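# Coordinates for the following, if possible.
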Amino acid sequence: MSSLRKGRTLLVALFAFVLLATACGDDNNNNSSSESSGPPTTTSKVPEGGTVTYASDQEPTGWNVNTGNDNLAALNYMTILVYPQAFDITPEFKVVMNKDLLTSAKQTKTDPQTIEYQINPKASWSDGTPISGKDFIYNWKLQNGKVDADVGETDPEAPNPDDATIPDVASTTGYDQIKSVTGDAKTVTVVFDTPYTDWKGLFGNIMPEHILKDVKGWNESLDEEKIPEWSGGPFKFENYKLHKSVTMVPNDKFWGDKAHIDKIVVLFGLTAEGLPEAFQNDEIDLAYPQPQVDLLDRLKQNPDLKTQVNFGLSYEHIDFNLLNPLLADKHVRQAIAWGIDREELVARTVKQFDSRAEVLNNRIWLNNQPEYKDNAGQYAKHDEAKAIKALEDGGYTKGSDGIYAKDGKELSFRISTTGDNKLRQDTQEVLQNQLQKIGIKLTIANKPGSDIFDNFFPESGDFADADYDIALFAWVGTPFTASSNQSLFVTGGGQNEMSYKNDAVDKDFTDAIQTTDPDITVQKTNAADKQLWEDLPTIPLYAKPTLLPARDTILNVVDNSSTYGPIWNATKWGVKQ
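Just a heads-up that it's a prediction; the model follows:
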C-alpha cells in the first residue's frame with residue numbers, strides 16, 4: 001500500500017500509506033462501491049463562487065508530505081491540489097498521466113530502462129518560475145538515499161558532523177534504483193540501474209528546486225506552521241491558523257482548468273462525534289471521518305447530506321513491536337493469531353454498518369483486487385486450543401490470575417491507537433476480551449487524536465525509541481502495491497516500525513520491484529505475504545471503508561478512496577446559491 005505513512009491514517013509508503021497495484025495499475029478494475037444515499041450526481045455546469053468548509057480528521061505536523069515526519073494521508077489529500085504530480089490516481093484506482101504537468105511520459109528503452117518526460121510548456125510555479133528538469137533532478141536527489149553535495153552536506157561522517165543534514169524521506173523506493181536524471185527546461189530523462197516496475201508512482205508531490213534548494217530547505221522550510229507560499233497546482237495554501245484551520249484558494253497562475261469555487265476552508269480539531277451537529281449548524285459542508293457505526297446513523301438523519309461509503313485500498317491491522325522480548329517470541333505471536341477471532345471482530349465492528357466487510361487474509365492485496373490471494377493458511381481460523389498449546393510449547397505457564405507468564409514475566413501488553421475513535425476502541429475491547437480467554441492481558445493505551453504515532457514512529461527515526469507493544473492503525477494504499485509496501489516490511493525499511501527482518505521477504509520485494517513483468521510482481525508480493533503469515537510481525541484485520549458525508553449544495557463531490565481522498569477533484573466543484 002502507499003507510503004503516506006501516518007494515517008496517523010498512514011499512507012503506506014506515503015504511510016500510507018499509502019500502496020499501488022500491478023506493474024503500472026492501468027488495468028486495475030477495483031471499483032469502489034457506494035451505499036447509503038449514494039454519491040451526488042456530477043454535472044459539467046456549475047455556478048461560480050462560494051466557499052466549502054471541509055473538516056479534516058487530522059492536522060498536518062508539517063507540509064512536506066514526502067518526509068517521514070509529515071507523511072500523513074490527511075495532508076496528501078490537500079497537497080495533491082497544490083504540489084505537481086506526474087501521474088494521478090482515479091476513483092477506479094487507475095493510474096493516469098497528469099496532463100496539466102506533462103504532455104508525455106513513456107519508456108523509451110528497456111536496457112537500461114529509460115523514461116522520458118515532456119513537461120507541459122505552460123507548467124510553472126506560482127511565482128512565475130517554469131517547472132523544469134531541475135525540479136525532477138532535485139526531487140530525485142533528495143529521495144534516493146545517497147549523499148550528494150549538490151543538495152547539501154548529507155554525510156554524518158563529514159568533517160563537521162554537527163552541520164551534517166540528512167534528508168528526511170518517507171521512502172527511497174524507486175528513487176534509489178535510478179542511475180541518473182537529466183533534463184533541460186522541459187525534457188527529463190530518467191535512466192534506471194535496475195528495472196523498476198512502478199515507475200509511474202515516482203515524482204509525486206514535486207517540490208520546487210529554486211525555492212527549497214538543498215536538504216535544509218527540504219527538511220525545515222515546510223515544518224509546522226511554515227505553509228508553502230508557492231504552488232504548482234490548481235490551489236494554494238494561505239492563512240494557516242495553528243490547531244484551527246488552513247485555507248486553500250485557487251492558484252491564479254495555474255494554466256489548467258480553473259476552480260469554480262472561491263475557497264476551501266479546512267478545519268482541524270472537530271471530533272467525529274461533533275460532526276453531525278456541525279453539519280446541522282451549517283459550520284461544515286464536507287468531512288472525511290474515520291467510519292463509525294453510530295456516526296453513520298446520525299448522518300443519515302440529516303436530509304441535506306449525501307453520504308458515500310466506499311471500500312478502497314485501506315486496511316486495518318495490528319503490528320507487534322519485535323524489540324519487546326515477549327513479542328519477539330513467535331509462540332506468543334502465534335497464540336495471538338489463533339486467539340483472535342477475526343470473524344467475530346468484523347461482525348461486532350465494521351460489518352455493523354456495511355455488510356460487505358470481511359476478514360482480510362493478505363497484507364499486500366485487498367479483497368477487492370483481482371490479485372488478492374488468501375495466504376493466511378493455518379492462521380485463517382480462530383482456534384483457542386492451538387493458541388494455548390503454542391504458549392505452553394513456549395514454556396509459559398498460567399498464573400492464578402489466568403495470565404500466562406515465563407521467567408516471572410506476564411504476557412501483559414499495551415495496545416495503542418488513535419484516540420477518540422470509537423470503531424478502533426471497540427476493536428481494542430473485542431481483542432482484549434478474546435485474548436483474555438487464552439491468558440494474554442491487553443491494556444488499552446491510546447493518546448488523543450493522532451499523537452500515538454509519535455510512539456510508533458519516533459522523531460529520532462530510530463525504531464529502538466518506539467514506545468508501544470501492539471499498534472492498531474490503518475495503511476492507505478495506492479495502485480503501486482510492490483513499491484509502496486516495501487518500506488513497511490523490508491529490513492531497515494523507513495516505515496517498518498515493527499523492526500521486522502527476513503531475508504526472503506527482502507528478496508521477494510526486490511524481485512517484485514525490479515521487473516517490468518506484472519505477473520512476477522504479483523507472484524513475488526504474494527510470496528512475501530505468505531512469509532509474513534509464517535513470521536507474524538503483523539496481522540491484517542479487514543479492509544477499511546471510507547465515509548464521506550457532504551452537503552447536497554456542494555456539486556460534484558466524488559470520493560477517491562485511494563491516497564487521493566475527498567477533495568481531489570475540487571476544481572470541478574460548485575456551490576448551489
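# Please enumerate the helices of the protein.
Per DSSP state H, the chain has helices spanning 73-79, 133-143, 209-212, 215-220, 275-280, 293-300, 330-339, 342-348, 384-393, 422-436, 453-456, 481-489, 503-513, 518-535. These are given in chain order.
# Just name the shakiest helix or strand of this structure by mean pLDDT.
The helix or strand with the lowest mean pLDDT-type score in the chain, counting by mean pLDDT, DSSP states H and E, is strand 20-21 (a mean of 22).
# hmm, back to that, relative to Ile403, which of the helices of the chain is closest?
Proximity to Ile403, assessed across the helices of the chain by Cβ to Cβ, is greatest for helix 422-436 (8.4 Å). In short, each C-beta sits where N, CA and C put it, glycine included.
# In terms of secondary structure, what does the closest one contact?
Using 3 or more Cβ pairs under 8 Å, 6 or more residues apart in numbering; DSSP states H and E as the contact definition, the elements that helix 422-436 packs against are helix 293-300, strand 305-320, helix 330-339, helix 342-348, strand 412-416, strand 441-444, strand 470-476.
# Quickly compare these and say which is most buried.
When the helices and strands packed on helix 422-436 are scored by mean count of other Cβ atoms under 10 Å, the highest mean neighbour count falls to strand 470-476 (a mean of 28).
# thinking again about what came up before, would a markdown table of the helices and strands packed on helix 422-436 with mean pLDDT be doable?
Conversion of the helices and strands packed on helix 422-436 to a markdown table gives the following (pLDDT from 0 to 100):
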| stretch | mean pLDDT |
| --- | --- |
| helix 293-300 | 89 |
| strand 305-320 | 92 |
| helix 330-339 | 98 |
| helix 342-348 | 97 |
| strand 412-416 | 98 |
| strand 441-444 | 98 |
| strand 470-476 | 92 |
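# would a markdown table of these with distance to Asp374 be doable?
What follows is the helices and strands packed on helix 422-436, written out as a markdown table (distance: least, Cβ to Cβ, whole Å):
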| stretch | distance to Asp374 |
| --- | --- |
| helix 293-300 | 27 |
| strand 305-320 | 14 |
| helix 330-339 | 15 |
| helix 342-348 | 12 |
| strand 412-416 | 25 |
| strand 441-444 | 27 |
| strand 470-476 | 19 |
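# quick one: low-confidence ranges for the chain?
1-41, 149, 152-164 (pLDDT under 70).
# can you pull the contacts of Ala352?
Not Ala; residue 352 is Gln. Val293 (Cβ atoms under 8 Å, 6 or more residues apart in numbering).
# From the structure, what's the count of residues near Glu392?
Burial measure for Glu392: 15 neighbouring residues, criterion other Cβ atoms under 10 Å.
# How much space separates it from Ala385?
11 Å (Cβ to Cβ, to the nearest Å).
# Quick one: closest of the helices of the chain to Glu316.
Put simply, out of the helices of the chain the one that sits nearest Glu316 is helix 422-436, at 7.3 Å, with distance taken as Cβ to Cβ.
# Dump that closest one to PDB, keeping only the CA atoms.
The C-alpha trace of helix 422-436 is given here as PDB (Å, rounded to 0.1, in the frame of the first residue of the first chain):
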ATOM      1  CA  LYS A 422     -15.000   4.600  18.700                       C
ATOM      2  CA  LEU A 423     -14.500   1.900  16.000                       C
ATOM      3  CA  ARG A 424     -10.900   1.300  17.000                       C
ATOM      4  CA  GLN A 425     -11.800   1.500  20.700                       C
ATOM      5  CA  ASP A 426     -14.500  -1.200  20.000                       C
ATOM      6  CA  THR A 427     -11.800  -3.200  18.200                       C
ATOM      7  CA  GLN A 428      -9.500  -2.900  21.100                       C
ATOM      8  CA  GLU A 429     -12.200  -4.100  23.500                       C
ATOM      9  CA  VAL A 430     -13.000  -7.100  21.400                       C
ATOM     10  CA  LEU A 431      -9.400  -8.100  21.100                       C
ATOM     11  CA  GLN A 432      -8.900  -7.500  24.900                       C
ATOM     12  CA  ASN A 433     -11.800  -9.900  25.700                       C
ATOM     13  CA  GLN A 434     -10.700 -12.500  23.100                       C
ATOM     14  CA  LEU A 435      -7.100 -12.700  24.300                       C
ATOM     15  CA  GLN A 436      -8.100 -12.700  27.900                       C
END
